[in-house]
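Undergrad: Okay, structure incoming, though there's no sequence with it:
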């Protein structure tokens, strides 16, 4: 069976998970999004909430400042901080996540969302790496509608979540999450819409991999 992969990285609020689900539906492939957390949790005998909390561990002030400077982005400081490098629990979660994703792609064509998968599978010739983004006003509108937040709260959540995703990739893969060189295709979902983005990705995968 051909083991072709589409990876979807996404700004919070861009609708990237919805795009991934639609791409998987159009291609008839397996989708690995929140299911990755569920599988990691089962293997480590943890709850999905515990795994997600470890994944979103806030680095120390020094780590966050250094990463923000290297990314060239304004620093937003969440309230808690954990000193030092990776904790034993974090190392276990990262390594188990790696194994879960590698096993998933061995089972056949799939769409995988987030968790630095574009870095993990960067050297594979059978992977198409996509980044979904949108201008801040569009991100805010989507998050306000989806989570019932006011504009200020939505903006703060977007900044915090996107910074956390950038920090996760920097911490574990030593790459800039926003660097276009990580991706084959970057899509403004505010311009394409969810269906339009999914159509472009599915068409490109079909043509690129001769499906």
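TA: That came through fine. This one's a predicted model, so the numbers in the text were calculated from it and none came from an experiment.
Undergrad: Can you pull up the most central residue in this protein?
TA: Centroid check for the chain by CA atoms, centre = their mean gives residue 114 as the closest residue, at 2.2 Å.
Undergrad: pLDDT below threshold where in the chain?
TA: 1-2, 54-89 (pLDDT under 70).
Undergrad: which residues in it form strands?
TA: Remark: strands assigned in the chain by DSSP state E are 5-10, 30-32, 110-113, 127-133, 185-188.
Undergrad: my read: the residue nearest to the centre of the chain touches residue 165, true?
TA: Yes - assessed by CB atoms under 8 Å, residue 114 is found in contact with residue 165 at 7.5 Å. In short, each C-beta sits where N, CA and C put it, glycine included.
Undergrad: which one of the strands of the chain is the most hemmed in?
TA: Mean neighbour count, computed with mean count of other CB atoms under 10 Å, is highest for strand 5-10 among the strands of the chain, reaching a mean of 27.
Undergrad: Packing partners of the lengthiest helix in the chain?
TA: Counting residues, the longest helix found in the chain (DSSP state H) is helix 151-173. The elements that helix 151-173 packs onto, with contact taken as 3 or more CB pairs under 8 Å, 6 or more residues apart in numbering; DSSP states H and E, are helix 61-71, helix 117-120, helix 136-147.
Undergrad: outside of the second one, which residues touch it?
TA: If you take CB atoms under 8 Å, 6 or more residues apart in numbering as the criterion, helix 117-120 is touched by 7, 9, 98, 101-102, 129, 131, 169, 172-173, 175, 182-183.
Undergrad: Can you mark which positions in that helix are buried?
TA: Across helix 117-120, burial judged by 16 or more other CB atoms under 10 Å covers 117-120.
Undergrad: Identify the residues contacting the nearest residue to residue 33 once chain neighbours are set aside.
TA: Closest residue in space to residue 33, ignoring its immediate chain neighbours: residue 113 at 4.1 Å, by CB to CB, 6 or more residues apart in numbering. Neighbour list for residue 113: 7-10, 16-17, 20, 31-33, 36 [criterion: CB under 8 Å, 6+ apart].
Undergrad: if I look at the nearest residue to residue 27 once chain neighbours are set aside, how far off is residue 211?
TA: Closest residue to residue 27 apart from its sequence neighbours, by CB to CB, 6+ apart: residue 202 at 5.5 Å. Applying CB to CB, to the nearest Å, the value for residue 202 to residue 211 is 9 Å.
Undergrad: shared neighbours of the two, anything?
TA: Shared contacts of residue 202 and residue 211, defined by CB under 8 Å, 6+ apart, comprise residue 27.
Undergrad: Please identify which of the two sits among more neighbours.
TA: Using other CB atoms under 10 Å, the more surrounded residue of residue 202 and residue 211 is residue 202, with 20 against 13.
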